[in-house]
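Visitor: Next input, structure requested:
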Amino acid sequence: MPLPARYRFRPRFRGLAALAMVLGVALGGYGLVAGGAASTALVVIGMGGAALGGLYLGSPAWRMEVVVDDDALEVLAAGDRRFRLPWSEVTSVIASPTTETCFVDGGAPERSLLVPGDGAPAPYAIEDAAGLYRAIVARTPPERVREVALLETTRKAA
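Guide: Predicted structure coming up:
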């Protein structure tokens, strides 16, 4: 893997947002054509659904990325550094090899990262999350990596 490697955040619910946009436009269009007292409500609700779907897909969160090199993990938002976490400062990594999901604890919430793998409940996805998972586990000192079956069971036990 050439270093540094970059992993972009992606919307997890793209299909749902697109469906909201299509249905919203259809409902609004129907309201315009149908006329009557209820038509204004249909137009407002329809355009609201279309707007919310568009806002979700256009969110600034999708301009975020994780950059990994031999020295650190870094999270960027539209090119600006949110945080840089040298591997020596990683407090712990809770990793699920079966789902390739991990939580990187940087000692504070603003220096921590959830890498959602298969079935992980997160509002975002990360391109090549499995590659990011492997890069994190490979670079974190082994004594700081704790393997679990599922991250969800760890959170409930904590």
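
Visitor: Roughly how far does the residue of the chain most remote from its centre sit from Y30?
Guide: Within the chain, the residue lying farthest from the chain centre (Cα atoms, centre = their mean) is G36, at 42.5 Å. Taking Cβ to Cβ, to the nearest Å as the measure, G36 falls 11 Å from Y30. For the C-beta atoms, the positions are set from N, CA and C on the backbone; glycine is no exception.

Visitor: Then T140?
Guide: T140 is 54 Å from Y30, by Cβ to Cβ.

Visitor: And those two? Which one has more around it.
Guide: Taking neighbours as other Cβ atoms under 10 Å, T140 and Y30 compare with T140 leading, 20 against 13.

Visitor: Tell me the helix or strand right after the helix or strand containing M47.
Guide: Assigned by DSSP states H and E, M47 belongs to helix 37-57. Note on helix 37-57: by DSSP H and E, the next helix or strand toward the C-terminus is strand 64-68.

Visitor: so what's L85 up against?
Guide: Listed by Cβ atoms under 8 Å, 6 or more residues apart in numbering, the contact partners of L85 are A72, L73, E74, V104, G106, R111, L113.

Visitor: Would you map the helices across the protein?
Guide: Here the chain has its helices, by DSSP state H, at 14-34, 37-57, 129-139, 151-157.

Visitor: Quick check: which ranges of the protein have low pLDDT?
Guide: 1-3, 153-158 (pLDDT under 70).

Visitor: at 90 instead, please
Guide: Along the chain, segments meeting pLDDT under 90 span 1-4, 9-50, 52-63, 78-79, 117-125, 148-158.

Visitor: In space, not sequence, find me the middle residue of it.
Guide: Y124 (2.2 Å).

Visitor: Give me the distance between that residue and A61.
Guide: 6 Å.

Visitor: show me what contacts A17?
Guide: P11, L52, G53, G54, Y56, L57.

Visitor: Next one: the third one relative to Y124, how far apart?
Guide: Distance, G53 to Y124, using Cβ to Cβ: 16 Å.

Visitor: partners of I126 in the sheet?
Guide: Beta bridges link I126 to F9 when assigned by DSSP bridges.

Visitor: my bad, L114
Guide: Counting by DSSP bridges, the residues bridging with L114 are F103.

Visitor: Cool, thanks, signing off.
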